[in-house]
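Chemist: Return atomic coordinates for the entry below.
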Amino acid sequence: MTDCLFCKIVAGEIPSTKVFEDEVSYAFRDINPQAPVHVLIVPKEHIASCAELTEANEALVGKIFTNIAKIAKAEGLDKGFRVISNSGDDAGQTVHHLHYHILGGKSMGEGLVP
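Modeler: Modelled structure (predicted):
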């Protein structure tokens, strides 16, 4: 998708602070961090949100979650971390490209957001 912010970041058209990359995903630091560690991981393939996932995407999502574990370990999040994905406008999704927030580096308690 040519007008998608995250597609442009993955393509290198917009700069980002890369944390991790493999054949299916790209992870970078959030420019407005909500925790000491706030990394976004996106599939390189454009998928608008969790609502668009199908059985055809199962392997992709599984690989992304394996990568989330690798990133959390590399970021030193041994005491825990949170993974959030907003899906749709009412959930607060502002960039309509599937992405997961990896948040950690502080105690966040039981609430859903830090």
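Chemist: C-alpha only now, for contacts and for neighbours.
Modeler: OK.
Chemist: Direction included, what does the longest strand along the chain pair up with?
Modeler: Longest strand in the chain by number of residues (criterion: DSSP state E): strand 37-43. Paired strands of strand 37-43, with direction, are strand 25-29 (antiparallel), strand 100-104 (antiparallel) (DSSP bridges).
Chemist: Check whether the nearest residue to Thr2 once chain neighbours are set aside sits in a helix, strand or coil.
Modeler: Using C-alpha to C-alpha, 6 or more residues apart in numbering and skipping the chain neighbours, the partner closest in space to Thr2 is Lys8 (7.5 Å). Following DSSP: H, G, I helix; E, B strand; the rest coil, we place Lys8 in the helix state.
Chemist: burial count for Lys8?
Modeler: Neighbours of Lys8 under the rule other C-alpha atoms under 10 Å: 14.
Chemist: That one reaches Ile14, doesn't it?
Modeler: Yes: proximity of Lys8 to Ile14 meets the contact threshold set by C-alpha atoms under 8 Å, at 5.7 Å.
Chemist: which SSE is His97 in?
Modeler: His97 belongs to no helix or strand when assigned by DSSP states H and E.
Chemist: got the contact list for stretch 13-22?
Modeler: Contact with stretch 13-22 is made by Leu5, Lys8, Ile9, Tyr26, Ala27, Phe28, Arg29, Val39, Ile71, as judged by C-alpha atoms under 8 Å, 6 or more residues apart in numbering.
Chemist: meant to ask about stretch 29-42, not that
Modeler: Applying C-alpha under 8 Å, 6+ apart, the external contacts of stretch 29-42 come out as 6, 16-19, 25-28, 64, 68, 75, 97-106, 114.
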